[in-house]
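A.B. asks: Curious how this folds, go ahead:
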Amino acid sequence: YLWNDMVSLELSLGSNGWYRFVLDGKLATMYSSGLPEGGSDTSESRSEFLDKLHRARSQIKGRQQSHPLLSNTSSAPITAGNWILLCEKDNELCVRNAEAQQCTILKRNLSGGFVFESNRGTKHMFAAETTLGPEFSGGWLGGSTQQPYTNPEVEQTKTKVQQLAKELWHRYFESGHLQPRGVVAELVRISERINLACDLHALPSGEDSWDEVLYEALESLTCLLTDESVVTAYEIQTSGVVQALLRMLCPVQPQSTHKTAEKREHFPKTSDRIAVFLRVFRLYGPGPHPGVVLIRKLISTLEALERLPVYHYDSPACSSSSSHGVPGLQILTRRMRLKLERASGETALIDRTGRYLKVEPLTSIGAIEKYLQKMVAKQWYDFDRPTFSFVKQFKSNPGFELKFDYEADFDENGVIYWLGTNSRTEKEWINPAQHSVICVSCSEGRSLPYGNLYDVVSRDAPALNCHTNDDRKAWFTIDLGLWIIPSAYTIRHSRGYGRSALRNWQLQVSKDGLLWTTLLSHSDDCSLNEPG
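C.D. replies: This is a model prediction of the structure:
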């Protein structure tokens, strides 16, 4: 295992170039092509990865003195299985594989991530936004007591943006700030006049002129609101008009500590101010009602203020244990955990009470409803097999035959697509092996060293990695539950490099799973090279 505060790599000693890594809380597998595969990123696989890492770390006795290794280019390389660790440049750790032409470089000044140079010579940069957690601190970042890690390139870009912002401010906005446009100045004057009227009205002796001041201010406001495009919600908010109206119409000031008897004294005066407000806004000429326009502007102001609080801090890599809490904009990447509960009296839906659901923060309500519907409502594949549409077709007509015409790889004309849509009666295709419509088995038994059995018939755009151990007699079988005469088939190579692709295989068919007939035999077939 190799790790710093931001990323952890798991190097299998017998690997031919692939390895697993955790970055930004997600587990992925890197292949020599430079395309990581995240199909194995589940809570179980992440827990298994971290448990193995913790067990490896626990083998190091506490309070042992640390020794620098590979700290400069003169350091001797370290060999572990098929992996070679060496230092080719200062502040860089290079990881090479003895069998594959690839290289992984961990740099001090690369946001704690790494650079992967594939066997094709292309370079891919993987930068981290979050730390692995306080238990992994003390790596290259020098311990949790130091300042949060910063990327020099990011800091340089930030400085340039700040300089450009200052230049734009001085050139275009400073003069407008010192001398706001007429509408803003008028709104500020109106808010000041409303506050003055409230002050005069609150005097013990009373001032007869307060209603005239308030009437004049509100009348000026209605004149501005006759054209809805003149005043913006932002100007309403920043000019102080909202606060002034709140003070004028609210019986008791917010956060007031007056006693109840003292609060009652405000009601008659508030009623007087409301009467002036209604008298002004009832008098309007042609055009939209100023009261309606004011309500719309206040709603827009409220919507602009009441947003989901997103915290953005200068350091994108601050530790989760720091006082800042959520680092950067990571609040939008943290999944929310929801607990399901079936309503009392509900009997039609499957009871999933107590189950947990992890939801992305930006997931729409419609997407959640669609997903939950598949969980709690029985789908066509949840019923007994005799109820399937294609089973009914064959039973009702014993001589029923179908012809599947091949047009292109992964078209919608094949038997796997036909079974996954219940003989084209469903709009959405499901993996028939994942829902027991068909059965996939292999020489490894019920599980694979990597991937899932049902991924063999997957139609996902990214090729999913599912393979047996390196055995010349390895096999996969797909029990369709019906007899077919194959005319074409598609097989694709998953992510990785060309040396791991199939070169010798046979396509066989059987009616009983015991006697097999070979339809095609491939020998030294090099047609499978690139991933997918």
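A.B. asks: Pretty sure S8 sits in a strand.
C.D. replies: Yes - under DSSP: H, G, I helix; E, B strand; the rest coil, S8 sits within a strand.
A.B. asks: Tell me who's in contact with it.
C.D. replies: Contacts for S8 (C-beta atoms under 8 Å, 6 or more residues apart in numbering) come out as Y1, L2, F21, V22, F49, L53, L132, F136. (C-beta placed from N, C-alpha, C; glycine too.)
A.B. asks: my guess is the fifth one contacts A28, does it?
C.D. replies: No - using C-beta atoms under 8 Å, F49 is not in contact with A28; the gap is 10.5 Å.
A.B. asks: For the two, list the residues in contact with both.
C.D. replies: The contact sets of F49 and A28 overlap at R20, V22 (C-beta under 8 Å, 6+ apart).
A.B. asks: Each with direction, which strands does the helix or strand hosting I478 pair with?
C.D. replies: For I478, the element it lies in under DSSP states H and E is strand 476-479. According to DSSP bridges, strand 476-479 has the following sheet partners: strand 439-442 (antiparallel).
A.B. asks: For the partner strand, list every residue counted as buried.
C.D. replies: By 16 or more other C-beta atoms under 10 Å, the buried positions in strand 439-442 come out as V440, S441, C442.
A.B. asks: in terms of contact, does the first one touch A433 like I think?
C.D. replies: Read that as V440. Yes - here V440 reaches A433: they are 4.6 Å apart, a contact under C-beta under 8 Å.
A.B. asks: Mind listing the shared neighbours of these two?
C.D. replies: Residues touching both V440 and A433 by C-beta under 8 Å, 6+ apart: L453, Y454, V456, V457, I478.
A.B. asks: number of nearby residues for T517?
C.D. replies: 9 (other C-beta atoms under 10 Å).
A.B. asks: Next up, phi/psi of it, please.
C.D. replies: The phi and psi values for T517, taken as degrees, to the nearest 10, are phi -110, psi 130.
A.B. asks: ditto for the one 4 residues further on
C.D. replies: For S521, the backbone dihedrals (degrees, to the nearest 10) come out as phi -130, psi 120.
A.B. asks: That one - how many residues pack around it?
C.D. replies: Neighbour tally, S521, other C-beta under 10 Å: 11.
A.B. asks: Now for it: which residues touch it?
C.D. replies: Q506, L507.
A.B. asks: repeat for the one 5 residues further on
C.D. replies: C526 makes contact with R503 under the criterion C-beta under 8 Å, 6+ apart.
A.B. asks: ditto for R296
C.D. replies: For R296, the contacting residues are E228, by C-beta under 8 Å, 6+ apart.
A.B. asks: one more time with 7 Å
C.D. replies: The contact partners of R296, by C-beta atoms under 7 Å, 6 or more residues apart in numbering, come to none.
A.B. asks: hang on, it in a helix?
C.D. replies: Yes - assessed by three-state DSSP, R296 belongs to a helix.
A.B. asks: State the distance from it to R20.
C.D. replies: 55 Å (C-beta to C-beta, to the nearest Å).
A.B. asks: immediately after the lowest-mean-pLDDT helix or strand in the chain, which helix or strand?
C.D. replies: One helix or strand of the chain scores below all others by mean pLDDT, DSSP states H and E: helix 260-264, with a mean of 46. Once the chain leaves helix 260-264, the next helix or strand it forms, by DSSP H and E, is helix 266-281.
A.B. asks: can you list contacts of that following helix?
C.D. replies: By C-beta under 7 Å, 6+ apart, the surrounding residues in contact with helix 266-281 are 201, 211, 214-215, 218-219, 222, 248-249, 251-252, 290-291.
A.B. asks: what does stretch 43-57 give?
C.D. replies: Y1, S8, E10, R20, V22, L27.
A.B. asks: So which of the residues you listed is the closest to N195?
C.D. replies: Nearest to N195 out of the contacts of stretch 43-57 is V22 (C-beta to C-beta; 57.4 Å).
A.B. asks: so what's the closest one bridging to?
C.D. replies: Under DSSP bridges, the beta-bridge partners of V22 are S8, L27.
A.B. asks: Who are the contact partners of it?
C.D. replies: In this structure, V22 makes contact with V7, S8, F49, L132, judged by C-beta under 7 Å, 6+ apart.
A.B. asks: cutoff 8 Å now
C.D. replies: For V22, the contacting residues are V7, S8, A28, R46, F49, L50, L132, by C-beta under 8 Å, 6+ apart.
A.B. asks: how much space between the third one and S45?
C.D. replies: Put plainly, it is A28. For A28, the distance to S45 equals 10 Å [C-beta to C-beta].
A.B. asks: between the two, who's got more neighbours?
C.D. replies: More neighbours surround A28 than the other of A28 and S45, with 18 against 14 (other C-beta under 10 Å).
A.B. asks: Surely the more buried one and Y19 touch.
C.D. replies: No - under the criterion of C-beta under 8 Å, A28 is not in contact with Y19, lying 9.9 Å apart.
A.B. asks: Would you mind identifying the next helix or strand past the longest helix anywhere in the chain?
C.D. replies: Longest helix of the chain, by residue count under DSSP state H: helix 182-202. On the C-terminal side of helix 182-202, the closest following helix or strand by DSSP H and E is helix 210-225.
A.B. asks: before we move on, back to that, what are the contacting residues of the strand holding I478?
C.D. replies: Outside strand 476-479, the residues that touch it by C-beta under 8 Å, 6+ apart are A433, I438, C439, V440, S441, C442, S443, V456, V457, T468, G513.
A.B. asks: try stretch 195-211
C.D. replies: V213, L214, A217, A244, R247, M248, K269, D272, R273, V276.
A.B. asks: Mark which of those are buried, thanks.
C.D. replies: V213, L214, A217, A244, R247, M248, R273, V276.
A.B. asks: Is it possible to get CSV of these that adds pLDDT and distance to D382?
C.D. replies: Shown next, in CSV, are the buried ones among the contacts of stretch 195-211 (pLDDT from 0 to 100; distance: C-beta to C-beta, whole Å):
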residue, pLDDT, distance to D382
V213, 90, 73
L214, 90, 68
A217, 91, 68
A244, 91, 62
R247, 89, 61
M248, 89, 62
R273, 88, 65
V276, 89, 67
